[in-house]
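Asks: 3D, please:
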Amino acid sequence: MSLQQDKYPQIYPAREIAESLEYPHAPIKPKMPAPVAEDKPSKYPNLDNNLKYTGISILILSVFIGIAHVIYNPLVFVVLITSFLCAVMFSYKSWCSYGHSKTYAERLSAYEKATTDYKSALDLYHSHLQKYEEDKKAYDTLVDTLKTPEDILNYRLAKRKQFLQSIKPKERYKDFFCIDGPKNPKLGRGEYFFKDYVSEAILNGQISNDFEFYFDASIMLIGYSSHKVSYFYPDLVVITPRGHMIDVEIDEPYVAESKKPIHCVHSLGRGDFNRNQYFIKNNCSVIRFSERQIIKYPEICLDIIRLYDDNGCIPIDLYMPEDFIESSWNEKEAMKMASMDYRNTY
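Replies: Residues are numbered from 1 along each chain as shown. Predicted coordinates for the structure are as follows:
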């Protein structure tokens with residue numbers, strides 16, 4: 001079940017869960033390796049041509065030297081200079097061709113290695129091409145089945161369950177999750193109420209002992225210099241049996257003592273948004289309930305947390321009363337709630 005973020009409960013899947021829900025991507029066709037030149041390197045590259053052109057240039061130079069003794073013509077001297085320069089150039093190229101013999105063994109070895117590497121790369125290409133054709137066929141078949149929103153939803157649910165069943169163990173949070181850090185100095189009415197409810201549910205066997213609940217944990221800020229504090233204080237941290245971490249937040253519309261509006265939708269401070277992004281980036285999902293939902297329907301809130309481990313979302317078949325879903329509030333609405341003591345009505 002997908003809920004908009006302007007209503008409670010709000011579900012923000014961890015980064016790796018969100019990535020598992022992406023629409024299938026077409027496989028990428030492998031690129032054929034660039035072929036190696038068929039001709040082996042020569043010990044004296046282009047030596048024959050260079051010597052031939054050197055000889056022709058010297059012959060022309062000799063002939064026109066003889067003509068220059070008999071006929072005085074500027075054109076004759078142009079040919080003389082040109083043939084002389086050609087003779088020098090091709091003589092230099094011939095000398096360079098001889099010089100290449102010193103590196104012949106290295107060039108031959110490099111050529112043989114390139115040829116061997118090309119054959120290996122070509123075999124790998126054909127293997128990847130075969131795999132690509134199989135994946136492309138499977139992709140085309142899958143795309144043909146995803147023609148309606150319901151088909152896409154079922155596909156995503158299946159992918160999500162597949163990911164959740166292969167999730168990594170709890171130890172992956174050891175550098176992020178701090179049980180012994182500073183305690184949350186401001187536990188509210190909702191937190192105390194839900195803590196007692198969860199404790200009783202565990203004692204009564206309503207929820208597996210494999211779930212771990214922490215109402216006084218700290219989340220150390222790592223690489224998040226935009227915050228002046230060094231810790232986040234979640235209302236509740238849940239580690240599921242599969243090792244998934246969930247930050248459960250209980251949002252009130254205003255502070256009980258000062259009546260100051262908090263957790264307002266589209267808040268200019270964007271504190272909740274930045275906090276959510278930090279958790280999501282570190283592969284921790286965020287579930288936000290309103291305080292009214294926690295106090296009035298704690299059993300449904302606990303079911304949502306419990307079933308998230310298998311679904312990564314709120315199950316479609318989960319029973320919820322009509323008044324369970326609650327709209328987020330803006331600052332004006334929060335001030336109105338404070339004036340009427342809204343938090344004392346549930």
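
Asks: quick one, helices of the stretch 1-150 of the chain?
Replies: 15-20, 47-70, 74-99, 104-145, 149-164 (DSSP state H, counting those that start in this stretch).

Asks: format those as CSV; extra columns: distance to residue 198, mean pLDDT and mean neighbour count.
Replies: No exception for glycine: its C-beta is placed from N, CA and C like everyone else's. CSV is the format used below for those (distance: least, Cβ to Cβ, whole Å; pLDDT from 0 to 100; neighbours: other Cβ atoms under 10 Å):
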stretch, distance to residue 198, mean pLDDT, mean neighbour count
helix 15-20, 23, 75, 16
helix 47-70, 88, 86, 15
helix 74-99, 84, 88, 14
helix 104-145, 41, 90, 13
helix 149-164, 22, 70, 14
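
Asks: contacts only, for the nearest residue to residue 51 once chain neighbours are set aside.
Replies: Residue nearest to residue 51 in three dimensions, not counting chain neighbours: residue 94, with 5.4 Å by Cβ to Cβ, 6 or more residues apart in numbering. By Cβ atoms under 8 Å, 6 or more residues apart in numbering, residue 94 lies in contact with 47, 50-51, 54.

Asks: now the helices of the stretch 1-150 of the chain as a markdown table including distance to residue 299?
Replies: Below are these laid out as a markdown table (distance: least, Cβ to Cβ, whole Å):
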| stretch | distance to residue 299 |
| --- | --- |
| helix 15-20 | 25 |
| helix 47-70 | 92 |
| helix 74-99 | 88 |
| helix 104-145 | 37 |
| helix 149-164 | 23 |
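
Asks: could you dump the contacts of residue 94 to JSON lines with distance to residue 315?
Replies: Converted to JSON lines, those look like this (distance: Cβ to Cβ, whole Å):
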{"residue": "47", "distance to residue 315": "80"}
{"residue": "50", "distance to residue 315": "81"}
{"residue": "51", "distance to residue 315": "85"}
{"residue": "54", "distance to residue 315": "87"}
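
Asks: which of those sit farthest apart?
Replies: 47 and 54 (10.3 Å; Cβ to Cβ).

Asks: neighbours around residue 45, how many?
Replies: A count of nearby residues for residue 45, using other Cβ atoms under 10 Å, gives 16.

Asks: distance of it from residue 51?
Replies: 12 Å (Cβ to Cβ, to the nearest Å).

Asks: could you say which helix or strand holds residue 318?
Replies: Assessed by DSSP states H and E, residue 318 sits outside every helix and strand.

Asks: what about the helices in the stretch 151-300 of the chain?
Replies: Using DSSP H, counting those that start in this stretch, helices in the stretch 151-300 of the chain cover 189-203, 271-281, 291-296, 298-311.

Asks: just send those back as CSV, with mean pLDDT, distance to residue 28 and mean neighbour count too.
Replies: Below are these laid out as CSV (pLDDT from 0 to 100; distance: least, Cβ to Cβ, whole Å; neighbours: other Cβ atoms under 10 Å):
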stretch, mean pLDDT, distance to residue 28, mean neighbour count
helix 189-203, 91, 47, 16
helix 271-281, 86, 27, 17
helix 291-296, 96, 45, 22
helix 298-311, 90, 31, 19
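
Asks: closest one to residue 81 among these?
Replies: helix 271-281 (73.7 Å).

Asks: name the helices or strands packed onto that closest one?
Replies: With contacts taken as 3 or more Cβ pairs under 8 Å, 6 or more residues apart in numbering; DSSP states H and E, helix 271-281 sits against strand 10-12, helix 15-20, strand 231-232, strand 245-251, strand 285-290.

Asks: for residue 302, which non-adjacent residue is closest in space?
Replies: Once flanking residues are discounted, residue 302 sits nearest to residue 201: 6.1 Å by Cβ to Cβ, 6+ apart.

Asks: pretty sure the one you found sits against residue 209.
Replies: No - the pair residue 201 / residue 209 is not scored as a contact, 11.0 Å apart, by Cβ atoms under 8 Å.

Asks: looking at the helices and strands packed on helix 271-281, which one has the lowest mean pLDDT?
Replies: Note on those: helix 15-20 shows the lowest mean pLDDT, a mean of 75.

Asks: please state the offset of that one from the chain centre?
Replies: Centroid separation between helix 15-20 and its chain, computed with Cα atoms, centre = their mean, to the nearest Å, is 9 Å.

Asks: again with stretch 120-135
Replies: Distance of stretch 120-135 from the chain centroid (Cα atoms, centre = their mean) equals 25 Å.

Asks: could I have that stretch exported to PDB, CA atoms only?
Replies: This file holds the C-alpha atoms of stretch 120-135, laid out as PDB (Å, rounded to 0.1, in the frame of the first residue of the first chain):
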ATOM      1  CA  SER A 120      40.100 -14.000 -24.800                       C
ATOM      2  CA  ALA A 121      38.100 -10.800 -25.000                       C
ATOM      3  CA  LEU A 122      36.300 -12.100 -28.000                       C
ATOM      4  CA  ASP A 123      35.400 -15.400 -26.200                       C
ATOM      5  CA  LEU A 124      34.200 -13.300 -23.200                       C
ATOM      6  CA  TYR A 125      32.200 -11.100 -25.600                       C
ATOM      7  CA  HIS A 126      30.400 -14.100 -27.100                       C
ATOM      8  CA  SER A 127      29.600 -15.400 -23.600                       C
ATOM      9  CA  HIS A 128      28.300 -12.000 -22.600                       C
ATOM     10  CA  LEU A 129      26.300 -11.700 -25.800                       C
ATOM     11  CA  GLN A 130      24.600 -15.000 -25.200                       C
ATOM     12  CA  LYS A 131      23.800 -13.900 -21.600                       C
ATOM     13  CA  TYR A 132      22.500 -10.600 -23.000                       C
ATOM     14  CA  GLU A 133      20.200 -12.300 -25.500                       C
ATOM     15  CA  GLU A 134      18.800 -14.500 -22.700                       C
ATOM     16  CA  ASP A 135      18.300 -11.400 -20.400                       C
END
